[in-house]
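Peer 1: Output the structure for:
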Amino acid sequence: FLSLPPMRYPNPYVWLILVSALDIFLTILVLYAWKGHEVNPIAAAIIAHMGFQWTVVFKFALIVLVIIICEVVGRRNDRTGWKLAMVGIMLSAFPVAYTFALLFRAGPAPID
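Peer 2: Reported below is the predicted structural model:
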């Protein structure tokens, strides 16, 4: 275990985790402050059947999967592993940017 090589792309992984955490935070805002709904059908099904906490587990499990794939691919082809990490960040950032745009358009959260 101690002889494992270091992670190949630690900086992109930090950005991936940050963007994914923002996605979770914005999902909480949309669901509870704005009384909205989850657009992602997989996440919506997890929320409906097991609760929001399992959606958090699901989203972070996806992050771990992306990191593992980038590490495996990157050990064979460094450039392709780096590109996969960048694509992972961009794909994770899209829902965040979209949600920010929706919330900006919606204005302040409604008061109950």
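Peer 1: The strand or helix carrying Leu91 - contacts with which helices or strands?
Peer 2: Applying DSSP states H and E as the criterion places Leu91 in helix 78-106. Using 3 or more C-beta pairs under 8 Å, 6 or more residues apart in numbering; DSSP states H and E, the elements in contact with helix 78-106 are helix 10-28, helix 52-76. In this view, the C-beta of every residue, glycine as well, is placed from N, C-alpha and C.
Peer 1: which stretch among those helices comes nearest Met86?
Peer 2: Among those, the nearest to Met86 by C-beta to C-beta is helix 10-28 (6.5 Å).
Peer 1: per-residue confidence at the residue nearest to the spatial centre of the chain?
Peer 2: With distances taken as C-alpha atoms, centre = their mean, Ser20 lies nearest the centre of the chain, 2.8 Å away. In this model, Ser20 is scored at 96, pLDDT.
Peer 1: and what of Phe1?
Peer 2: 56.
Peer 1: Could you do Asp112 as well?
Peer 2: For Asp112, the model assigns a pLDDT of 67.
Peer 1: going forward can the numbers begin at 425, since that is how I track them
Peer 2: Will do, 425 is the new start, and the previous item becomes Asp536.
Peer 1: ok so, going back, now the helix holding Leu515 and helix 476-500, what's the angle there?
Peer 2: Relative orientation of helix 502-530 versus helix 476-500 (axes from the mean of the first three to the mean of the last three C-alpha atoms, to 10 degrees): 150 degrees.
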